[in-house]
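Engineer: Okay, sequence plus prediction incoming.
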Amino acid sequence: MKNWFMLSLIGLDQPRIVAKLSAGLCKSGCNLGDSTMGRLGNYFTIKLMVEFEGDKNSLVSVITSVCGPLNLDSHLVQIEDGSPQHFEPDVRISLFAEDRMGVIEDVTVPLADAGLNILHLESNLGENSEAGTYYIHLEGTLSGEGLPKIYQVLEKLEKKGIKSHLIPVNAQVS
């Protein structure tokens, strides 16, 4: 019986890390499903769904043999179903604020309260000439009152010094 797992890995970035990781897992009997990866600072991070014939302990052994030489720390959770469930975002929102503690909370809480289900969020600090600027890019689906409520939140954020740009990506959204 095949089982599904969610695998998270993190370690210092290095050349060919994705190729070595995917080849090692596949050669060990893992079927790779959905994944997301990126670089945060000098670190590589990946989350991926893995289908594997054996149990969790057997997969831990595989992960140790593949990820040990790459110096990747891992976290593994068995999940019920690995079949893809794709959600297309209704909106993309880019926000720009002065870098300070709590800015993510200041943005995400009122947007969630207004009915935005955040599917994806990336954030980063500006570099060199943009030092002190914090960028937040997110995608989400709308529920509840739709776009008018989201625009109200963005207007309130603007008064707090958080600039925004919203792009509706679903023509059905109003």
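Structural biologist: Perfect, I can see it now.

Engineer: Work out for me the element the nearest residue to residue 92 once chain neighbours are set aside sits within.
Structural biologist: Of all residues not flanking residue 92 in the chain, residue 167 sits nearest, at 4.6 Å (Cβ to Cβ, 6 or more residues apart in numbering). Yep, even glycine has a C-beta here, placed from its N, CA and C like the rest. In this structure, residue 167 sits in strand 163-168 according to DSSP states H and E.

Engineer: Report the mean confidence score over stretch 150-169.
Structural biologist: The pLDDT scores in stretch 150-169 average 94.

Engineer: got a list of contacts for it?
Structural biologist: The set of residues external to stretch 150-169 that reach it, using Cβ atoms under 8 Å, 6 or more residues apart in numbering, is 88-98, 103, 106-107, 110-111, 113-116, 139, 142, 147.

Engineer: Of these, keep whichever come out buried.
Structural biologist: The neighbour count (16 or more other Cβ atoms under 10 Å) marks 89-91, 93, 95-97, 103, 106-107, 110-111, 114-116, 139, 142, 147 as buried among the contacts of stretch 150-169.

Engineer: Of these, which belong to strands?
Structural biologist: 91, 93, 95, 96, 97, 116, 139, 142 (DSSP state E).

Engineer: nearest to residue 36, of the residues you listed?
Structural biologist: Nearest to residue 36 among these is residue 139, at 12.5 Å by Cβ to Cβ.

Engineer: residues touching the nearest residue to the closest one once chain neighbours are set aside, list them.
Structural biologist: Spatial nearest neighbour of residue 139, chain neighbours left out: residue 89 (3.7 Å); criterion: Cβ to Cβ, 6+ apart. Applying Cβ under 8 Å, 6+ apart, one finds that residue 89 lies in contact with 119, 120, 139, 140, 141, 169, 170.
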